[in-house]
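# my questions concern the predicted model and sequence given below.
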Amino acid sequence: MARILLIETSTSVLSVALSEGGTVVCERISEEPRQQASLTAPLVKEVLDGRGLKVQDCDAICVSSGPGSYTGLRVGVSTAKGLAFGAGLPLIAVSTLDILVAGVENPSSYRYIVPMLDARRMEVYTAVYSADGKRLTDIEARIVDAGSFQDRLGEGDVLFVGDGALKCKDVLSHPHAHFLEASPLAGNMAAAAESAFKDGRFENLAYFEPFYLKDFVATVSRKALW
């Protein structure tokens with residue numbers, strides 16, 4: 001039975017959890033925006049302190065690998081790599097879209113599940129999954145229009161889930177289309193992390209990088225600097 005520290009920082013909702021044997025035993029969630037850099041380490045400490053543990057008492061560190069917020073992913077992966085290196089633990093990574101799908105209740109009610117992470121305007125990070133959680137298409141950055149996913153919708157009920165789902169509701173008007181706003185949470189990484197641990201699917205600590213999908217684009221603040 002593996003004890004795994006789980007860290008999810010890919011969106012505006014930050015969460016840290018601890019799983020034992022694939023079951024979540026402690027979780028902390030913060031919805032304060034843009035606080036990954038300042039709150040990730042304190043939440044890790046809260047979760048471990050809540051069980052009377054230290055990082056060294058874990059068997060592995062698991063982090064969401066992206067896609068998602070550039071800054072959030074950078075903070076999460078840096079934190080996870082630092083903890084893993086310092087404690088001599090293996091690093092596990094789980095796709096952010098896999099985490100969203102794992103959090104869906106009653107997935108068998110749908111023919112397909114389509115996680116959507118907001119990528120500004122009408123663009124989302126997305127892929128198509130079967131009801132049993134198998135990814136059927138590559139992860140992509142996709143601009144959603146009236147013709148998007150019509151082939152899947154023609155086959156049966158489709159759940160669009162994530163922080164990018166609701167903005168597509170008017171565009172994807174179809175009797176088989178269902179929409180759920182949700183965030184990827186650390187607790188929903190537990191099963192995938194346990195499976196990866198058992199199979200020995202670990203990341204290279206020196207070379208692992210988040211799956212940003214798109215290059216970071218810097219913007220100029222409109223606020224006066226002086």
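Nice, I can see it. Residues are numbered from 1 along each chain as shown.
# what's the neighbour count on residue 76?
Counted with other CB atoms under 10 Å, the neighbours of residue 76 add up to 27. In short, each C-beta sits where N, CA and C put it, glycine included.
# how about the backbone phi and psi for it?
phi -60, psi -50 (degrees, to the nearest 10).
# swap in residue 6?
phi -110, psi 130.
# am I right that it is in contact with residue 16?
Yes. Using CB atoms under 8 Å, residue 6 is in contact with residue 16, at 6.7 Å.
# domain ranges for this structure, per the record?
Domains of the chain are assigned by automatic domain parsing as 3-95+184-199, 104-180.
# so which of those is the most surrounded?
domain 3-95+184-199 (a mean of 20; mean count of other CB atoms under 10 Å).
# distance between it and the chain's centre?
Taking CA atoms, centre = their mean, to the nearest Å, one finds the center of domain 3-95+184-199 at 11 Å from the center of the full chain.
# quick one: average confidence on stretch 42-60?
On average, the pLDDT along stretch 42-60 is 97.
# show residues contacting that stretch.
For stretch 42-60, contacts defined as CB atoms under 8 Å, 6 or more residues apart in numbering pick out 2-5, 7, 14-18, 25-28, 30, 61, 79, 83-84, 86-92, 193, 197, 202.
# in helices, which of those residues appear?
Counting by DSSP state H, the part of these found in helices is 79, 83-84, 86-87, 193, 197.
# how about CSV for those residues, with distance to residue 161 and pLDDT added?
Listed next are the ones in helices among the contacts of stretch 42-60 as CSV, based on distance: CB to CB, whole Å; pLDDT from 0 to 100:
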residue, distance to residue 161, pLDDT
79, 26, 97
83, 29, 98
84, 30, 98
86, 35, 97
87, 34, 98
193, 20, 98
197, 26, 98
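# make TSV out of those residues and add distance to residue 97.
As requested, those are exported to TSV (distance: CB to CB, whole Å):
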residue	distance to residue 97
79	21
83	24
84	23
86	29
87	28
193	15
197	20
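# mutual contacts of residue 6 and residue 16, please.
Counting by CB under 8 Å, 6+ apart, the contacts common to residue 6 and residue 16 are residue 186.
# quick check: closest non-adjacent residue to residue 37.
Using CB to CB, 6 or more residues apart in numbering and skipping residues adjacent in sequence, the residue nearest residue 37 is residue 75, 5.2 Å away.
# this protein: strands as residue ranges?
Remark: strands assigned in the chain by DSSP state E are 3-8, 14-20, 23-30, 60-64, 91-94, 112-118, 123-126, 129-130, 140-143, 158-161, 177-180.
# how far off strand 14-20 does the third one point, in degrees?
Pointing back at strand 23-30 there. Here the directions of strand 23-30 and strand 14-20 differ by 170 degrees (axes from the mean of the first three to the mean of the last three CA atoms, to 10 degrees).
# before we move on, what about the fourth one?
Going by the same axes, to 10 degrees, strand 60-64 is angled at 140 degrees with respect to strand 14-20.
# in its sheet, what does strand 60-64 sit against?
Partner strands for strand 60-64, per DSSP bridges, with pairing direction: strand 3-8 (parallel), strand 91-94 (parallel).
# try the second one
Taking DSSP bridges as the criterion, strand 14-20 forms sheet pairs with strand 3-8 (antiparallel), strand 23-30 (antiparallel).
# check the last one too.
Each strand pairing with strand 177-180, determined using DSSP bridges, is listed with its direction: strand 158-161 (parallel).
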